[in-house]
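In: next input, structure requested:
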Amino acid sequence: MPKDEKNNSCLNTRAIIEYIRRRFPDRLGELFEGLPMPYATLPSPEVYLSDENNWVSSSVVVTLFENARKISRNSTIAFDVGYESIIHREMSYFQKLFLNIFSSPRGTLRRLNQLNTKLNNTKIVELIYDAPGRAVIRWHWKQDIKLSKDICEFNKGIYAAIPTIWGAPPGKVEENPCHFEGGDYCEVVVSWSVVSGTLSNLLARLFTRKSNLLNALEEIERDKALLRQKFGELSVLNIDLRQKVSVLKSINNATRALVSSTDTQRVLELTMKPIVGCWASTAP
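Out: Residues are numbered from 1 along each chain as shown. Model (predicted):
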């Protein structure tokens, strides 16, 4: 039976959500129908599955792609979602920083496993061959987890769009063999136009990289502010939790004292002292 472990970043699910939101906003709710447990019981699956800090099982991704195909009636939905996730820059600041530090698609493809681990733990990526304008890549999918051809197509869409980060035309992705069609692994050939090395093009690429890096750094600062806010909220909740635990311990002590002692004064001391101390510590 496939494992239901958390092996996919919600960057993947967010890409599907944003695609449907752009095209079928009135049908977004249908995207979350039939989610596996425990995700089906989430009070707001849209919020949870859009938070890049969360991870979910691959079965959630498979279900979302199936629902997205029903909503859109688009047989290439998974490829399109992957492609547009790059075009619309629906990535975390780390991925934006990672992609824009390297000067070309080739530089990025050489570091595929580093990038892949930020998106999922469902496959191992092997770079078989690379040259200016062309690369051969293999995806070795892990066993005992729920996967589908849609996840393969989603990755192909991402690879096709990577050259656009540097202002180049989209790349071309061809696959043979395919794990989901009986192969031992998926092997894709990615080809793209090599940007001219003229001085004007070089300067344009440098300025593009600088602009993208600045945008990524701005996102880092926004995320840091959000993390500080969440940390503050979590600290308050922890304090409240400790206080409640202290009260429960006092009640438990009182119960034991009532059972084992006939000294009413002693029972009151054991019961009220920690509770009064807890209340006093929270008084304005």
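In: wait, residue 133 touches residue 194, no?
Out: Yes: taking contacts as CB atoms under 8 Å, residue 133 lies within contact range of residue 194: 4.5 Å. To be clear about C-beta, it is placed using only N, CA and C from the backbone, and glycine gets the same treatment.
In: and the gap between residue 165 and residue 246?
Out: With distances taken as CB to CB, to the nearest Å, residue 165 is found 53 Å from residue 246.
In: cool, residue 134 as well?
Out: 65 Å.
In: which of residue 165 and residue 246 has more neighbours?
Out: Per other CB atoms under 10 Å, whichever of residue 165 and residue 246 has more neighbours is residue 165, with 20 against 15.
In: confirm that one sits in a helix?
Out: Yes: under DSSP: H, G, I helix; E, B strand; the rest coil, residue 165 falls within a helix.
In: mind checking pLDDT for it?
Out: pLDDT for residue 165: 80.
In: the nearest residue to residue 149 once chain neighbours are set aside: how many residues sit nearby?
Out: Leaving aside its chain neighbours, residue 149 sits nearest to residue 180 (4.1 Å; criterion: CB to CB, 6 or more residues apart in numbering). Using other CB under 10 Å, the number of residues around residue 180 comes to 16.
In: in three-state terms, label residue 180 for me.
Out: Following three-state DSSP, we place residue 180 in the helix state.
In: who's in contact with residue 18?
Out: 50, 84, 85, 88, 90 (CB atoms under 8 Å, 6 or more residues apart in numbering).
In: confidence score at it?
Out: On the pLDDT scale, residue 18 is placed at 95.
In: for residue 185, give its distance to residue 120.
Out: Residue 185 is 16 Å from residue 120, where distance means CB to CB.
In: quick check: the residue nearest to residue 149 touching residue 148?
Out: Yes: at 7.0 Å, residue 180 counts as touching residue 148 under the criterion of CB under 8 Å.
In: can you show me the strands along this protein?
Out: Using DSSP state E, the strands assigned to the chain run over residues 8-9, 55-56, 123-131, 134-141, 172-175, 186-191.
In: most packed of the ones you listed?
Out: Among the strands of the chain, strand 8-9 has the highest mean neighbour count (mean count of other CB atoms under 10 Å), at a mean of 22.
In: run through who's touching that one.
Out: 52, 54-58, 60-61, 118-122.
In: let's see that with 10 Å instead.
Out: Under the criterion CB atoms under 10 Å, 6 or more residues apart in numbering, residues 51-62, 92, 95, 117-122, 145, 151 lie in contact with strand 8-9.
In: over to stretch 27-43?
Out: For stretch 27-43, the external contacting residues (CB under 10 Å, 6+ apart) are 4, 13, 16-17, 19-21, 24, 44-46, 48-49, 56-57, 59-60, 62-68, 70-72, 146.
In: tally of neighbours for the nearest residue to residue 162 once chain neighbours are set aside?
Out: Of all residues not flanking residue 162 in the chain, residue 105 sits nearest, at 5.0 Å (CB to CB, 6+ apart). When neighbours are counted by other CB under 10 Å, residue 105 registers 28.
In: do the same with residue 42
Out: 13.
In: measure it to residue 240 for me?
Out: From residue 42 to residue 240 the distance is 23 Å (CB to CB).
In: same check on residue 169?
Out: Plainly put, residue 169 is 55 Å away from residue 240 if you go by CB to CB.
In: what about residue 111, how many residues nearby?
Out: 15.
In: should've said residue 170
Out: For residue 170, the neighbour count with other CB under 10 Å is 17.
In: tell me who's in contact with it.
Out: Residue 170 sits in contact with 83, 86, 87, 157, 159, 160, 161, 162, 163, 164, 192, 193, where contact means CB under 10 Å, 6+ apart.
In: between all of these, which two are separated the most?
Out: By the measure CB to CB, 157 and 193 form the most distant pair in the contacts of residue 170, at 18.0 Å.
In: of those two, who's got more company?
Out: Neighbour tally, residue 157 and residue 193, criterion other CB under 10 Å: the higher count belongs to residue 157, 23 against 13.
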